[in-house]
Structures are given as C-alpha cells and as structure tokens.
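Engineer: Predicted structure and sequence below. I'll ask about it afterward.
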Amino acid sequence: MEPEKSHGGHGRDSEKIRMLRLHRMMVTIRATEDALADEVKKGEIGCPVHLYSGEEAVATGVCDVLRVDDWVYSSHRSHGHYLAKGGDLYRLMAEVYCRSEGCSKGRGGSMHLSSPEIGFPGSSAIVSGSISLAVGTALAFSLKKTNRVAATFFGDGAMGEGVMYESLNLAALYSLPLIFVCENNLYSTHLPISKCLANVRIAPKARAMGVPAITVDGNDVMKVQVAAKRAIAKARRGDGPAFIECLTYRHRGHVGPNYDVEKGLRSQEELDSWLKRCPICTLEKRMIGSNYATKKELAAITAEVNKLVLSTRQEAKRCGWPHGPEETEFRGVFRGSV
C-alpha cells in the first residue's frame, strides 16, 4: 500500500508518526519473543510458550485502530495481541515467568494473559475458546447501545471448530460489532492447512455464514491497518461484523523457540522464503523509500527497544513467586465443593 497522499507537510508528518508508531510496536513484539525464546532454550521458563514472531503486523495493524474501551480476545499465541492492545511489557514478562507481579498474578503463564483495564479480558489455550466470549461481549455492547467494538484473534486451525461457525452465524444474525481476525499462518499446530481443511480458502467460509470477509497480506501492517480501520468504523456505526483473513507465517515452531524444520514438519526453503517477507523489513523498506526514516534511525530504534526488553526481562526474573498466606494463596482461583 502506498503512503496516504497529502497536499502538505502536515500530512507527511502524520504519516511518518503513524509508521514509526507501527514500527516500534512490531519491533517490541519481535524483541520480546526473541528474548523469551532464549530463556526457554536455557530452561529458565517452564510453561509452554507459543511465540508470535513473524505475525507482528496482524496484531499491530488491528489494535492500532481500536480504542482502550474496545475489548480484544486472544488465543494461546497471545503475547503480540496483549502488547499491541497496550499491555505492560514488565507484567507480560513477569507472567511468562509465573511471578506474582504478572498480568495474571503469575497463575496464568504465557497462554492466559489478562488485563481488563486495557480491554484485554483474557486469552485461552483452547482452540476457538475465546471466540464465543467475544460474541457475548459484542452482544452486550449492542444491547447497551454503545459504539464499542469487540475483536477476536484466532488461527486457521479454528476453522475446524464448530463454535467458529456458531459464532459467525450469531454475529451476522444480530449484526454485532465484532471483528473476526484469522491469522492464517498455513499451519494448524504441526499440520499444513491442506491436511486440515478440504477447502483451504477461509474468507469465503465467513461469507457463507453472512459475515462480510476479505483476505489481506498479513505481513503488510499498512494493509492490515486499512482493512481493520474500515471494518471497525463499520461496526461502530452498527453495520455489523467483519471477518479479516490475514495471510502470514510464524517464524518459530508451533510451540517453543525452535523452527520445526529439524522435525521435518516444514522445509528450510519454505521458512527462508517467508523470512524474506518479514513484516518489519517490509515496513522499513517502505519508510526508507518514502524518506520517512533512514536505516541508521531504524537501527537505533531497534537497539533501544532491544535494550529495554532485556532490562525488563531481568527485572521480571527478580520478582517473587505467587505464594503467601492461605488467605491470599487462592485469591482469584475458584474453589468449589465436591
């Protein structure tokens, strides 16, 4: 996508600021995932960690046009969504280490992040587990006649779950302010999409349920943002839901810091071809080509962010564990009788 046309310097300044904002967020997400990958390799992190490296443009592009009071629901691969929605880096790091100052008080770990104050009520490790929750939230927004929007992120694997189609149907039936964001990274856990779906074209499945749907380049943050901006504005007007299929690719394996090449699950050639389409590099080339930034300036931003992420990681590791007296040990945990 070309930069927005402008008749004056003010428009260029605004475009530069927007691109720099999107760039910094994607670099922050990537640096965070790389820092966590190193810790998993060293055995410093015990909980399962599903890394978002390579898919940064999706969360960044969508969340950049959402408001704080809009709600976002996420999946097991939730770090990028949390950060893009405005989540605190330190609280994320602490949660992945299962420490008491984590965003879920150290009881959730990597796959169960929660920060309601920024419109991030929670993420679920169950495939499609939070999609129906987003439908309920959008229904509440509609009944209360607010102009708030709910969004739900999920992978292509969610298209094999019945709740996906029930949710699409209800959203269309009641014209709910809900944005479905499918991060189609071509793999459902360890299986290529062609071995999971008889019809690998995802957007038409949403249209068949009555939800307007488009497919965009999920590695181009500008294109994702434009699609999200249109869909969100439409939802706020009361014109119903939208489905955005973002074609992207996770750099790391399904879970953990490795690349799944060593397992024979995908080829090095395939991985290399997608690494060349890195969403951060794509935006940097556009910024340099439009004279919005130089290579040196972008490298300085990356170095600054990396330094912040590493120092935050060390700080989070010094935080205490979520243990204490009995009256606090089970706080936030349901204790039912049997």
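Structural biologist: Here it is on my side, so go on. Bear in mind the structure is a predicted one, so any value in this text is a computation, not a measurement. Numbering: from 1, shown residues only.
Engineer: rest of the way, CA atoms for contacts and neighbours
Structural biologist: Noted.
Engineer: Show me where the protein has its helices.
Structural biologist: Applying DSSP state H to the chain gives helices spanning 9-41, 56-63, 79-84, 89-96, 131-143, 162-173, 203-208, 221-236, 268-275, 279-289, 295-317, 326-329.
Engineer: Look up how far residue 18 lies from the spatially most central residue of the chain.
Structural biologist: Nearest residue to the geometric centre of the chain (Cα atoms, centre = their mean): residue 81, 3.1 Å. From residue 81 across to residue 18, the span is 18 Å (Cα to Cα, to the nearest Å).
Engineer: Please apply the same query to residue 266.
Structural biologist: From residue 266 over to residue 18 the distance is 35 Å, taken as Cα to Cα.
Engineer: of these two, who's got more company?
Structural biologist: Taking other Cα atoms under 10 Å, residue 266 and residue 18 do not tie; residue 266 has more neighbours (17 against 13).
Engineer: so what's the more buried one closest to, chain neighbours aside?
Structural biologist: The shortest distance from residue 266 to any non-neighbouring residue, by Cα to Cα, 6 or more residues apart in numbering, is to residue 260 (6.4 Å).
Engineer: Can you list the low-confidence ranges for the protein?
Structural biologist: 1-10, 324-338 (pLDDT under 70).
Engineer: repeat that for 50
Structural biologist: The chain contains residues with pLDDT under 50 at 1-7, 338.
Engineer: Give me the distance between the closest residue to residue 319 other than its chain neighbours and residue 116.
Structural biologist: Nearest non-adjacent residue to residue 319, counting by Cα to Cα, 6+ apart: residue 99, 6.0 Å away. Distance of residue 99 to residue 116, computed by Cα to Cα: 19 Å.
Engineer: The two - which one has more neighbours?
Structural biologist: residue 99 (26 against 15).
Engineer: Contact partners for that one?
Structural biologist: Applying Cα atoms under 8 Å, 6 or more residues apart in numbering, one finds that residue 99 lies in contact with 105, 106, 107, 316, 317, 319, 320, 321, 322.
Engineer: Pull the number of nearby residues for the fourth one.
Structural biologist: Neighbours of residue 316 under the rule other Cα under 10 Å: 24.
Engineer: Contact partners for residue 221?
Structural biologist: 22, 57, 58, 60, 61, 279, 283.
Engineer: among these, who's most crowded?
Structural biologist: Neighbour counts for the contacts of residue 221, by other Cα under 10 Å, peak at residue 58, which reaches 34 neighbours.
Engineer: out of everything not next to it in sequence, what's closest to residue 220?
Structural biologist: Excluding the flanking residues, the one nearest residue 220 by Cα to Cα, 6+ apart is residue 279, at 5.8 Å.
Engineer: quick one on the thing from earlier: from residue 268, how far off is the residue nearest to residue 266?
Structural biologist: 9 Å.
Engineer: Quick check: the residue lying closest to residue 170 once chain neighbours are set aside vs residue 71, distance?
Structural biologist: Nearest residue to residue 170, sequence neighbours excluded (Cα to Cα, 6+ apart): residue 135, at 7.6 Å. Separation of residue 135 from residue 71 (Cα to Cα) stands at 11 Å.
Engineer: Quick check: neighbours shared by the two?
Structural biologist: Joint contacts of residue 135 and residue 71 (Cα under 8 Å, 6+ apart) are residue 150.
Engineer: correct me, but the residue nearest to residue 220 touches residue 219?
Structural biologist: Yes. The pair residue 279 / residue 219 is scored as a contact, 4.5 Å apart, by Cα atoms under 8 Å.
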